[in-house]
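Visitor: Starting from these lines, generate the structure:
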Amino acid sequence: MNRIRIAREIALPDDLRVARARSAPHLGPRLLFFSGGSALNGISRQLKRYTFNSTHLITPFDSGGSSQVLREAFGMPAVGDLRSRLMALADETVLGQPDVYALFNHRLSRDAAQAVLRAEVAEMVAGTHPLIAAIAQPMRKLIRTSLRSFAEAVPEGFDYRHASIGNLILAGGYLRNDRALEPVLFLMSKMVDVRGTVRAVVDANLQLGAELADGRRVIGQRAISGKEVDPLDSLIRRCFLSDGARELAPSEVALPKRNRKLIGEADLICYPPGSLYSSVVANLLPAGTGAAIAARHVPKVYLPNLGRDPEALGHGLADQVAALLAPLGADAGDELEPTRFLTHVICDSTVPEAACTAVTERFAIPCIRLPLRRADDEKYDAQRVAEVLVSLD
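Guide: Take a look at the predicted model:
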C-alpha cells in the first residue's frame, strides 16, 4: 500500500520523484482520472512526459457538436471526448505516427457544401486523399476499412459540417466491431502510440440528466453544460443517467469489470478540472464506482476548475466536493467516511482560505492551496500540475 505523502505544508513537487519519472516514463505511476471534455487535455499532454501509465475513464454522454450528429445517426455513445483524449496522449514525436495523428485531428470545413464534404470523405475511403495517402500500410488499410464501414452505414442527410475525421473512423470501427467501443479504442491507441489508457466509463448510449433546485429536470449534456445553449439559471441538485425516456436506477448501469480493475490498480485517483457534473460527476454514476474507489487505499485528489463553471452555479468549493461525494457514498454506503473517496483537495493559491477551511470543517478532508495557475490567464500551469500529481503517488 502506498503512503499518502501529502501534507498541508507541501509547497513544491517532489523533485526526486519528478526527475525519476521523466527519466523513465514507461515506469511512471498509474494515475487514474475520471474525466471528459477538453479541460484535462493540456495537462495530459504534459503528463505523458512523466508517465505512460495514466488511465482516463471518459464520459460517453456528450450530446453536442460532432458527437451528437453521430449519436443521432447511429444510436451510439459519444466518441468526441474519447478521440480528443487519445490525441492528447498520443506520441507526437517523429517516432510516433505523425501522419495518422494529422488525419485523426482533421476536421471537415464548417462552411463548404455537403456535396463537397461527402466527396472529401469518399476520397479518404478510396485512399486518394493526401491525408490518407501519406499513411503507410497496413495502417492505411485499417483506417480505410473503418471509414468504409462508416460510409456504407451513414444515413442520407448526414451533416458533415465540421465533422472530425477521427470521430468518423471511431464510428466506423464501432459499427464494424458489433457496436462495441473497446476494440476500436484499443486499435486507435496503437495507431497513434497513445501514452496511457483511454476508455469509456461505460459502453452505452445514454443521456445525462440533471435535477434542478427549482424542480425542473433537463436531459442532455448539451442542456446542462451551458456552452452551446444558454446556461442553467437554477443550481443543479443532482445528476442521473437516462435512456432518453426515463431516469435509470444506478443498478441498471454497472461499471464494467475492466474499469473496476483499473481503479483497483491505480496509484492515485484524480477528479480533475472539467465541467463539474457533465465531465466529472457523470463518470461516478455507474454502479460499483464508489465501492471500487473506496476499496483502493491511495491518494484521491480533487483538482477543481479555475474560473467560472456554468454547471457549478451556486456551488462553493465545499458544495463541489459534496457533489462528487454524493454518488460515491450512495453506491458504497453513506456510513463510509468521506476520506474513503477523497483524501485531499488541491486548489490554486488564489482560492480563498475560507473556502478551503469550509471543506475541511464539513468533510474532514485536507484542502491544500498551491501556486498552480498560469500567470497569463485563468488556466492551470499544465507542467506544474503534472509534476504535483506525479509526486503524490
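
Visitor: For the nearest residue to G96 once chain neighbours are set aside, which residues are in contact?
Guide: Leaving out its chain neighbours, the residue that sits closest to G96 by CB to CB, 6 or more residues apart in numbering is D193, at 4.7 Å. Yep, even glycine has a C-beta here, placed from its N, CA and C like the rest. D193 is in contact with A90, D91, L95, G96, Q97, counting by CB atoms under 8 Å, 6 or more residues apart in numbering.

Visitor: And K379, by the same measure?
Guide: G42, L306, G307, R373.

Visitor: May I have stretch 53-65 exported as CSV, CA atoms only?
Guide: What follows is stretch 53-65 as a C-alpha-only set of coordinates in CSV (Å, rounded to 0.1, in the frame of the first residue of the first chain):
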residue,chain,number,x,y,z
ASN,A,53,0.7,4.6,-17.4
SER,A,54,-2.1,7.1,-16.8
THR,A,55,-5.7,5.9,-17.2
HIS,A,56,-8.5,8.1,-18.4
LEU,A,57,-12.1,7.0,-17.8
ILE,A,58,-14.1,9.2,-20.1
THR,A,59,-17.8,10.1,-20.2
PRO,A,60,-19.6,9.0,-23.4
PHE,A,61,-22.7,11.0,-22.8
ASP,A,62,-21.9,14.2,-24.7
SER,A,63,-24.9,15.5,-26.7
GLY,A,64,-23.4,18.4,-28.6
GLY,A,65,-21.3,19.1,-31.7
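
Visitor: circling back to that earlier point, among the contacts of K379, which are in helices?
Guide: Of the positions in the contacts of K379, G42 sit in helices, assigned by DSSP state H.

Visitor: Of the contacts of K379, which one scores lowest on pLDDT?
Guide: In terms of pLDDT, G307 ranks lowest among the contacts of K379, with 85.

Visitor: Now do the contacts for that residue.
Guide: Taking CB under 8 Å, 6+ apart, one finds E378, K379 in contact with G307.

Visitor: ok, now the one 4 residues further on?
Guide: Listed by CB under 8 Å, 6+ apart, the contact partners of E311 are I224, S225, G226, L232, I236, S275, L276, Y277, S278.

Visitor: Just the buried ones from the contacts of K379?
Guide: Buried subset of those (neighbour count, 16 or more other CB atoms under 10 Å): G42, L306, R373.

Visitor: Make CSV out of those and add distance to N53.
Guide: Shown next, in CSV, are the buried ones among the contacts of K379 (distance: CB to CB, whole Å):
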residue, distance to N53
G42, 19
L306, 26
R373, 27
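
Visitor: Return the member of the residues you listed nearest to N259.
Guide: Checking these against N259 with CB to CB, the nearest one is G42 at 24.3 Å.
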